[in-house]
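K.L.:
Just a sequence and a predicted model for now, questions to come.
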Amino acid sequence: MSFLFVTNIGMLALIAVTALIYLGFLHRVLDRMRLTKVQALVILIAMLAAGFLPNIPLFGGLSVNIGGALIPAGVAVYLIITADEAAEKRRAFLTAGVVALLAYFSEKILPLHGDFGFDLDPLFVPAVVAAVTAYLLGRSRRAAFIGGIFGVLLTDILAFSENIFLYQMHVPIVLGSTGVFGAAVIGGMGAVLLAELLGETLERLRGGPRR
């Protein structure tokens, strides 16, 4: 049920973002992220298609999903390289570190299975934590996306490191699990959408755009 729930949310998020990009509503976001509409749509389609490819084994129980980790991480690297200011690059890395710690400890504090009183699976919480934290700390669309993507991937790496420490190498950890429907992608896209929808209001009130 948890995978089905995350998949449904991921599919809705993918459809919503694709529709917004296609209709031109996110042109300012794409401009600030230095992506064209065609490039963004190609990336989304590639992430969707690659998410169904077999995971690539790395070491022990660690593997990586192409659509859920490698492609979005590549986009994040591109955004880091093309960032104009060194301060923005530092802020993006700092955001990723904070996101990783918060998402990691949220998994420790919250039960793997339980009832929140509403229809939200605990396994989906890291994506929500990543999106909100990356938006609050990122202070730009680019930094928010970078922090959301790398933050969740770092969370998985922390979990794998814990498995090594506890000699639980047999426990599988998949970077970008469930592909484009996974926490890393949703965390990154969610942070950008929050920056656009909520941040736009703050920008207007403060009299200046964010990047």
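P.N.:
Arrived safely, thanks for sending. Nothing here was measured: the structure is a model prediction, and the numbers come from that model. Residues are numbered from 1 along each chain as shown.
K.L.:
Show me where this structure dips below the pLDDT cut-off.
P.N.:
1-18, 20, 22-28, 110-125, 178-181, 199-211 (pLDDT under 70).
K.L.:
Now do the phi/psi pair for residue 187.
P.N.:
Note on residue 187: its backbone torsions stand at phi -60, psi -40 [degrees, to the nearest 10].
K.L.:
Not counting its neighbours along the chain, what's nearest it?
P.N.:
Using Cβ to Cβ, 6 or more residues apart in numbering and skipping residues adjacent in sequence, the residue nearest residue 187 is residue 130, 3.1 Å away. Bear in mind the C-beta positions are built from the backbone N, C-alpha and C, glycine included.
K.L.:
Touching the helix or strand that neighbour falls within from outside, list them.
P.N.:
In this structure, residue 130 sits in helix 125-138 according to DSSP states H and E. By Cβ atoms under 8 Å, 6 or more residues apart in numbering, the surrounding residues in contact with helix 125-138 are 6, 91-92, 94-96, 98-99, 102-103, 106-107, 110, 120, 143-148, 151-152, 155, 182-184, 186-191, 193-195, 198-199.
K.L.:
If any of those residues are buried, give me the ChimeraX selection for them.
P.N.:
A single ChimeraX command selects the buried members of the contacts of helix 125-138 (16 or more other Cβ atoms under 10 Å):
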select :6,91,92,95,96,98,99,102,103,106,107,143,144,145,146,147,148,151,152,155,182,183,184,186,187,188,189,190,191,193,194,195,199
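K.L.:
what ranges do the strands span in the protein?
P.N.:
Applying DSSP state E to the chain gives strands spanning 56-59, 62-64, 173-175.
K.L.:
Tell me the buried residues in the longest one?
P.N.:
So the one you mean is strand 56-59. Within strand 56-59, no residue is scored as buried using 16+ other Cβ under 10 Å.
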